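*Asks:* sequence unavailable; structure follows:
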């Protein structure tokens, strides 16, 4: 170790870490359907579940970070934002699929 270098202590806020991990996993699940199309439904379900997990653990991490003097609050916030983005994208995709399906049903029924 170099002279004067400080060793960084590991974060004690595990909820913030897990929030960031779940948010990152949700983002990966949103990208994977473009790479492996047959599993689109499975990836969207996983993205939604990981997004909800990121939101919940992120809020736990923010409150724990407040008690620990700010430790991990930024990580928890990023996890919350990624989680809400994943949930929003999943809801929009489901709405678009339902809309397209209903429009196609009306078109087919009119013939």
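*Replies:* Right, received. Where do you want to start? Only a predicted model underlies this, so the values are computations on that prediction, with no experimental measurement involved. Numbers count the residues shown, from 1 in each chain.
*Asks:* check contacts around residue 44.
*Replies:* Contacts for residue 44 were tallied using C-beta atoms under 8 Å, 6 or more residues apart in numbering; they are 29, 33, 90, 93-94. For the C-beta atoms, the positions are set from N, CA and C on the backbone; glycine is no exception.
*Asks:* which secondary structure element contains it?
*Replies:* Taking DSSP states H and E as the definition, residue 44 sits inside helix 40-67.
*Asks:* what's the answer for residue 31, then?
*Replies:* Judged by DSSP H and E, residue 31 forms part of helix 14-35.
*Asks:* show me what counts as buried in that helix.
*Replies:* For helix 14-35, burial by neighbour count (16 or more other C-beta atoms under 10 Å) applies to 15-23, 25-27, 29-30, 32-33.
*Asks:* quick one, longest helix in this structure?
*Replies:* helix 73-110 (DSSP state H).
*Asks:* tell me what that one is packed against?
*Replies:* Identification of packing neighbours for helix 73-110 by 3 or more C-beta pairs under 8 Å, 6 or more residues apart in numbering; DSSP states H and E yields helix 14-35, helix 40-67.
*Asks:* JSON lines for those helices, including mean pLDDT and distance to residue 107?
*Replies:* As requested, these are exported to JSON lines (pLDDT from 0 to 100; distance: least, C-beta to C-beta, whole Å):
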{"stretch": "helix 14-35", "mean pLDDT": "95", "distance to residue 107": "26"}
{"stretch": "helix 40-67", "mean pLDDT": "96", "distance to residue 107": "23"}
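*Asks:* would you reformat the ones you listed as TSV and include distance to residue 103?
*Replies:* Shown next, in TSV, are the helices and strands packed on helix 73-110 (distance: least, C-beta to C-beta, whole Å):
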stretch	distance to residue 103
helix 14-35	22
helix 40-67	20
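*Asks:* so for residue 77, which of these sits nearest?
*Replies:* Closest of the helices and strands packed on helix 73-110 to residue 77 is helix 40-67, at 6.7 Å (criterion: C-beta to C-beta).
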